[in-house]
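1. using only what follows, build the 3D model:
(2 chains)
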Amino acid sequence: MTLFEKDRHLLEAFRAGRRDALETVFEAYVKDVARLVRLGFSIDGRAHIYGIPDPDEQREIIHDVFVRAFDEKARLRYDGLRPYRPYLLRIAQNLMIDRARRVQRRPANVGSGMQPPAFEDLVSGRAPTPAVEEDLDWSRQREAAARYMDALPETEREFVRLRFVEALPQTKVAEALGITRRRVRTLEKRALRGLLQLLKREKLL
Amino acid sequence: MKERAARLLSGRNEPSVLERESLARSVIDDAVGQPDKRRHHLWIRLAAAGAVGAAVVTLLVTPLPRDLAPRSGSAGTTFETICRPGPDCAVGGQLVFRVSNAPQGFEHVAIFAQREDGLVIWYFPTDEREMSATFRDSEWMDEGVALVGAHAPGLYVIHALVSREPVTRASARALVERGGDESHELLRTQVTLHP
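-> Alright, predicted model coming up:
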C-alpha cells in the first residue's frame, strides 16, 4: 500500500503542491533515494554504477530527483496507486547513469572491492547494507561523538537524542522537552559546535 | 562541517535531520516555484541556511548576471570558452577553455558551470579529492568537457577560479562565495547550449 493509499487527503494536497504534503512525501522517501545514491547499483549483474561518496554530490542528486518528481506535471500525472518508491528510484537511477557518463570514471570507493547492490534489490528493499565502511574517518569520529554525548548533561543528551537520533522537527523537540523553539535552536548550535570543537581538538577533522 | 557533525550525532552516515530539512525546503521551493525567490544552487542555499556571515548571504542573493560576455578579472585576466565542433555549442559536443593574461604565477583553474535551474556541474577539479587543473596562459586547455549528461540545452554560466595554488572543490566553493581574493581571480562567461 502506498503512502497515498493510506491517506487520500495526502494525494489531493500533494497534487495541489501544498508544502506540508510535499514535505511528508519527501520525508517518507528521502532515505531510500539517499541510500541508492550512496551505494550505487548494478543492472543485470553487469553494468555497475558506483555510489557517490561525497555528501555534497549526494545532496545534489537527491535534490534533482525530488525536484523532477515534484514538478507539477509529474504530480498531476500520479494517481496515488502506482508504487511511488520505485518511481523515485528510477529517476535516481537515470540521474546516476547520466552522471557516470559525464565523469566517465569510477568514483573512489571502487578500491574497497565493493560491488554495488542490484537495482532491483534496492527497489524491493532487499539490498544488504555493505559490510565495508566507505568512509574511513567515520568510525573514529563516531567513537568521539559517542564520548561527547555521554559527557553531556542529561537535558542536552536528551535533546540530541530527540533532535538528531529521532530526527524530530524543532517544534516537536520543543514540545517534548517543554522549552521554547529559540532554546531548541540554541541547544542545536551548541551541540554541533561542541562536537566540532572536540573533533578538532582530537585532530579528527 | 555542520552536516558532518549532525550525522555523527545521529549515529548514521546518511543525510541528517538538518540536511533533510534543508533539502526539503530547497526541493519544494524549486518544484512548486517561488516567484519572489531566485533559484540558487544547493550548496549556496545550504551555506545561506547555515551559520555563515551576513556578507556571504548578501553575495548569494545577488541575481545571476545576465551580461556575461567574457570579462576580465581585476588584473586583465580573461576567461573564454569555445565549443567543438562549433561554431555553436551543442549537446554532444565538447567545451574547451582558455585563460589569458593571468598574473605571473597564476597557473591553476577551477571551473564549473551553473545551469539556469541552479544545478552546478563541476569540470575541474574532477572530483572532491582532486585539485584544480593547470593551464598555460593564452592557450586552449588540452582537456575539454563532453557536453552530455546533465548538459541539457539552455543557458549556462561558466565560472572559473584562477589561482596561484591548486584548490579543491571545497576551497573553490568558499572562494566563490567570498568573490575571490588577492590570490584568486573569479571570472565568468556564458554559454548557450543548443539541442
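2. how about the nearest residue to B:Ser183 once chain neighbours are set aside, what does it touch?
-> Spatial nearest neighbour of B:Ser183, chain neighbours left out: B:Arg164 (5.1 Å); criterion: CB to CB, 6 or more residues apart in numbering or on different chains. Quick note: C-beta positions are derived from backbone N, CA and C, even for glycine. B:Arg164 sits next to B:Gly105, B:Phe106, B:Glu107, B:His108, B:Ser183, B:His184 when contact means CB atoms under 8 Å, 6 or more residues apart in numbering or on different chains.
3. where does pLDDT dip in the chain?
-> You didn't pick a chain, so chain A it is. Counting by pLDDT under 70, chain A has low-confidence residues at A:1, A:103-116, A:122, A:124-136.
4. let me rephrase: I mean chain B.
-> Filtered on pLDDT under 70, chain B yields the residue ranges B:33-75, B:117, B:177-180.
5. can you give me the helices for chain A?
-> For chain A, helices defined by DSSP state H occupy the ranges A:3-6, A:8-15, A:19-39, A:55-70, A:72-77, A:84-103, A:119-124, A:138-150, A:154-160, A:170-177, A:181-201.
6. looking at these, which is buried most?
-> helix A:55-70 (a mean of 22; mean count of other CB atoms under 10 Å in any protein chain shown).
7. helices or strands up against it?
-> helix A:19-39, helix A:84-103, helix B:17-32, helix B:42-49 (3 or more CB pairs under 8 Å, 6 or more residues apart in numbering or on different chains; DSSP states H and E).
8. burial measure for B:Thr168, as a count.
-> Residues near B:Thr168, counting by other CB atoms under 10 Å in any protein chain shown, number 16.
9. that one and B:Pro125 touch, don't they?
-> Yes: under the criterion of CB atoms under 8 Å, B:Thr168 makes contact with B:Pro125 at 6.1 Å.
10. figure out the helix or strand that B:Ala5 lives in.
-> Per DSSP states H and E, B:Ala5 falls inside helix B:2-10.
11. in PDB, list the C-alpha atoms belonging to that helix.
-> Only the C-alpha atoms of helix B:2-10 are listed here, as PDB (Å, rounded to 0.1, in the frame of the first residue of the first chain):
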ATOM      1  CA  LYS B   2      27.800  21.200  10.500                       C
ATOM      2  CA  GLU B   3      26.300  18.500   8.300                       C
ATOM      3  CA  ARG B   4      29.000  16.000   9.300                       C
ATOM      4  CA  ALA B   5      28.500  16.800  13.000                       C
ATOM      5  CA  ALA B   6      24.800  16.200  12.700                       C
ATOM      6  CA  ARG B   7      25.400  12.800  11.000                       C
ATOM      7  CA  LEU B   8      27.800  11.900  13.800                       C
ATOM      8  CA  LEU B   9      25.300  12.800  16.500                       C
ATOM      9  CA  SER B  10      22.600  10.800  14.700                       C
END
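12. give me the angle between that helix and helix A:181-201.
-> Orientation of helix B:2-10 against helix A:181-201 (axes from the mean of the first three to the mean of the last three CA atoms, to 10 degrees) gives an angle of 90 degrees.
13. what does helix B:2-10 rub up against?
-> By CB under 8 Å, 6+ apart, the residues outside helix B:2-10 that reach it are A:55, A:141-142, A:144-145, A:149, A:160, A:164-165, A:167, A:191-192, A:195-196, A:199, A:205, B:13-19, B:46, B:50-51.
14. in CSV, list the contacts of B:Arg164 along with neighbour count.
-> Putting these into CSV (neighbours: other CB atoms under 10 Å in any protein chain shown) gives the following:
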residue, neighbour count
B:Gly105, 10
B:Phe106, 21
B:Glu107, 18
B:His108, 22
B:Ser183, 14
B:His184, 22
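15. let me have those residues in TSV, extended by secondary structure and distance to A:Phe26.
-> Below are the contacts of B:Arg164 laid out as TSV (DSSP: H, G, I helix; E, B strand; the rest coil; distance: CB to CB, whole Å):
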residue	secondary structure	distance to A:Phe26
B:Gly105	coil	47
B:Phe106	coil	43
B:Glu107	coil	44
B:His108	strand	39
B:Ser183	coil	41
B:His184	strand	36
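16. C-alpha coordinates for stretch B:134-142, PDB please?
-> Extracted C-alpha coordinates of stretch B:134-142, given in PDB (Å, rounded to 0.1, in the frame of the first residue of the first chain):
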ATOM      1  CA  THR B 134      46.800  23.700 -14.600                       C
ATOM      2  CA  PHE B 135      46.700  25.900 -17.700                       C
ATOM      3  CA  ARG B 136      49.200  27.600 -20.000                       C
ATOM      4  CA  ASP B 137      48.400  31.200 -20.400                       C
ATOM      5  CA  SER B 138      46.600  32.100 -23.600                       C
ATOM      6  CA  GLU B 139      46.500  28.500 -24.800                       C
ATOM      7  CA  TRP B 140      43.300  26.400 -25.100                       C
ATOM      8  CA  MET B 141      43.400  23.700 -22.400                       C
ATOM      9  CA  ASP B 142      44.000  20.200 -23.700                       C
END
